[in-house]
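Enquirer: I would like to see how this sequence folds:
(2 chains)
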There are 2 protein chains.
Amino acid sequence: MFPKTMAAVCALSTALAAPALAQEVRADLRDEALDMFSPLPSTIPSVTDNPITAEKIDLGKALFFDPRMSASGVFSCNSCHNLATGGDDNLETSIGHGWQKGPRNAPTVLNAVFNAAQFWDGRAPDLAAQAKGPVQAGVEMANTPDNVLATLNSMPQYVAWFRGAFPEQDEPVSFDNFAKAIEAYEATLLTPAPFDAWLNGNDDALTEEQVRGLQTFVDAGCASCHNGINLGGQDYFPFGLVEKPGADVLPEDDKGRFAVTETAYDEYVFRAAPLRNIEVTAPYFHSGKVWDLRTAVEIMASSQLGAELSEGELDDVVAFLGSLTGEMPEVSYPVLPAETGDTPRPTAAIVQ
Amino acid sequence: MFPKTMAAVCALSTALAAPALAQEVRADLRDEALDMFSPLPSTIPSVTDNPITAEKIDLGKALFFDPRMSASGVFSCNSCHNLATGGDDNLETSIGHGWQKGPRNAPTVLNAVFNAAQFWDGRAPDLAAQAKGPVQAGVEMANTPDNVLATLNSMPQYVAWFRGAFPEQDEPVSFDNFAKAIEAYEATLLTPAPFDAWLNGNDDALTEEQVRGLQTFVDAGCASCHNGINLGGQDYFPFGLVEKPGADVLPEDDKGRFAVTETAYDEYVFRAAPLRNIEVTAPYFHSGKVWDLRTAVEIMASSQLGAELSEGELDDVVAFLGSLTGEMPEVSYPVLPAETGDTPRPTAAIVQ
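Expert: I've put the predicted structure just below:
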């Protein structure tokens, strides 16, 4: 977080101390930055084939927080994408149904609507497709579409909410609409950050150190992969482009996008991680094996760019990444419909 | 839930249709009811040895929702006492660390401050003592006080919040204060219900059916155990006073309060369940084996009172119990402090 009072203090000291040259450099840097990055939009983005309405958002929020969407009744979307802790779960890899561990680190749901595709390997084209994944994954929520629909149809309030969210449809309670409602809610989870204020023209939004870090981020080539609104999430790159990290960080049996495309070219290829809120979403990488942001930056520099950053440069880049920590959307915790006699019972059994 | 519009409709039809006699019966019934029950107070109750302040409530809310209070980083208080679903988890018995099942059904946290003691066997005298239980239970959050404190001390924001909540103390970050803050938050979780409005003098708050159900509830003797503010939670009674239910409902190996007092007198003795929000907190009994409220009422009537209620009486009592479903407190979902390099890592390992 970047307290407003601290920003004000920095603004004051900058105004008093910064030489004219620094101001000029900043102006150039902003032009350069705006070629590579975009500030968060000030409104909820539109989503392909899914007009976003207040009714859909409210329904999606209920579904997002409802643990009864899992077979066991234990896990909701929010369990692994916890809005109280940066939109992820602070675990190496998530723990799901039957205490099984997921294969990859849970990415944050915050601002995820701006990623070109979802999951570390980009196998879901959008958030609606993504939402269908964990609910069915045996190691996550271990549910089936049929059981999700039986659960929803058993509660009249849910049926009414689906009707309100999809008023033009005869059978609004569907797995597609379940996913679309969740997508609509997730599209509202935006976190404007000091870096946005800076991109939008407010010099005082970043500290000197953060500006230096941005300069290093750009000059060292980080932005070649980490660009766009989310500083990442736009394209796929081999992890270990220059030098492969050890198997502790890059486990050999997870070949990334290869599993999606089945082309040798995509071995160990992953979607560049979006960097918004990275400071509050440790641990890092698809393996979740690195807990320290500075170490993660160091590994990225050597493995992807063949660069060795100085201690000072590392400090600066980490400070810059802190400027991507945004203000959380206010979330009023939902009150969910109560089960009825028709609601399928939760089951903790592990089906192989 | 009891929609206000429906209440208005009922009020209208009552005003038009109810004979004078019914009004008189109602007045007597209210006097009788006020001898046995009390409406929810309109303000947060005071708690012994724990002055409640806004700072303590806010801290307690953060702790209540923080999954990092568990060893695995998966479970928070809210996991099993979910404020989105009636303050419980809708499971027979909760699932905790290592996918282990807890021994008894999780009771609702809503209005729990008014119970004379906590847990099904009353082994915790208050909510602060209760809060220390699950966090350390191997089958629940599987944590230790030391690890909780190390976690809290690793995050400067938490330390600052403890300072603000316990300003007079030199070492505010303690396991006792952790529990007291949670108790303070939980003391705010009150759900005023139509039955309170009726006790407070509003005839229109209950339907005719609910009033009949209340009359049956009192006449049949239910209120002998289920009385006070929470219609239960005040005292201990043998489950199966008149006729022991089958082992499916009353498992033989759980002897209830016997484990606390070790007197034969307390075999299969449990705290009378508080009945507020009972309609939305299935399944029922300490075993969680009964999912249907009507069935639960039937079992209670026969096992505790030796009574067989007619179909109509059962309907009425269930309708009356619905009048105990209250309005949920508004909860803004907290934004929790981020971990630091000093924060103990979550562990999924099961220590026997």
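Enquirer: what's the distance between A:Glu243 and A:Ala307?
Expert: 11 Å (Cβ to Cβ, to the nearest Å). Where C-beta positions appear, they are placed from N, C-alpha and C, glycine not excepted.
Enquirer: And the two? Which one has more around it.
Expert: Using other Cβ atoms under 10 Å in any protein chain shown as the criterion, A:Glu243 and A:Ala307 rank with A:Ala307 on top: 17 against 11.
Enquirer: my guess is the more buried one meets A:Cys222, correct?
Expert: No - counting by Cβ atoms under 8 Å, A:Cys222 is not a contact partner of A:Ala307; they are 9.2 Å apart.
Enquirer: what do the two both touch?
Expert: A:Ala301 (Cβ atoms under 8 Å, 6 or more residues apart in numbering or on different chains).
Enquirer: Quickly list what whichever residue of the stretch 101-250 of chain A sits closest to chain B is bridged to.
Expert: The minimum distance from the stretch 101-250 of chain A to chain B, using Cβ to the nearest Cβ, falls at A:Lys101 (7.1 Å). Beta-bridge partners of A:Lys101, counted by DSSP bridges, are A:Ile95.
Enquirer: Just give the number of residues close to it.
Expert: For A:Lys101, the neighbour count with other Cβ under 10 Å is 14.
Enquirer: Which residue or residues pair with the residue nearest to A:Tyr236 when sequence neighbours are not counted through a beta bridge?
Expert: Leaving aside its sequence neighbours, A:Tyr236 sits nearest to A:Val269 (Cβ to Cβ, 6 or more residues apart in numbering or on different chains; 5.0 Å). Beta-bridge partners recorded for A:Val269 (DSSP bridges): A:Pro238, A:Gly256.
Enquirer: ok, A:Val269 touching A:Gly240?
Expert: No - with contact defined as Cβ under 8 Å, A:Val269 does not reach A:Gly240; the gap is 10.0 Å.
Enquirer: which ones are touching A:Val351?
Expert: Taking Cβ under 8 Å, 6+ apart as the contact definition, A:Val351 lies against A:Gly138, A:Ala142.
Enquirer: any idea which residue sits dead centre in chain A?
Expert: A:Thr108 (3.0 Å; Cα atoms, centre = their mean).
Enquirer: quick one, what contacts that residue?
Expert: A:Thr108 neighbours (Cβ under 8 Å, 6+ apart): A:His81, A:Gly86, A:Gly87, A:Asp88, A:Pro274, A:Arg276, A:Asn277, A:Thr281.
Enquirer: could those be laid out in JSON lines, adding pLDDT, distance to chain B and secondary structure?
Expert: Below are the contacts of A:Thr108 laid out as JSON lines (pLDDT from 0 to 100; distance: Cβ to the nearest Cβ, whole Å; DSSP: H, G, I helix; E, B strand; the rest coil):
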{"residue": "A:His81", "pLDDT": "98", "distance to chain B": "12", "secondary structure": "coil"}
{"residue": "A:Gly86", "pLDDT": "98", "distance to chain B": "7", "secondary structure": "coil"}
{"residue": "A:Gly87", "pLDDT": "98", "distance to chain B": "11", "secondary structure": "coil"}
{"residue": "A:Asp88", "pLDDT": "97", "distance to chain B": "11", "secondary structure": "strand"}
{"residue": "A:Pro274", "pLDDT": "97", "distance to chain B": "17", "secondary structure": "coil"}
{"residue": "A:Arg276", "pLDDT": "98", "distance to chain B": "14", "secondary structure": "coil"}
{"residue": "A:Asn277", "pLDDT": "98", "distance to chain B": "9", "secondary structure": "coil"}
{"residue": "A:Thr281", "pLDDT": "97", "distance to chain B": "8", "secondary structure": "coil"}
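Enquirer: Just give the number of residues close to whichever residue of the stretch 151-300 of chain A sits closest to chain B.
Expert: Closest residue of the stretch 151-300 of chain A to chain B, Cβ to the nearest Cβ: A:Val280 (3.9 Å). A:Val280 has 26 neighbouring residues, counting by other Cβ under 10 Å.
Enquirer: residues contacting it?
Expert: Shown in contact with A:Val280 (Cβ under 8 Å, 6+ apart): A:Thr85, A:Gly86, A:Thr325, B:Ala338.
Enquirer: If you tally nearby residues, what's the number for the first one?
Expert: When you say that, I think you mean A:Thr85. For A:Thr85, the count of nearby residues is 23 (other Cβ under 10 Å).
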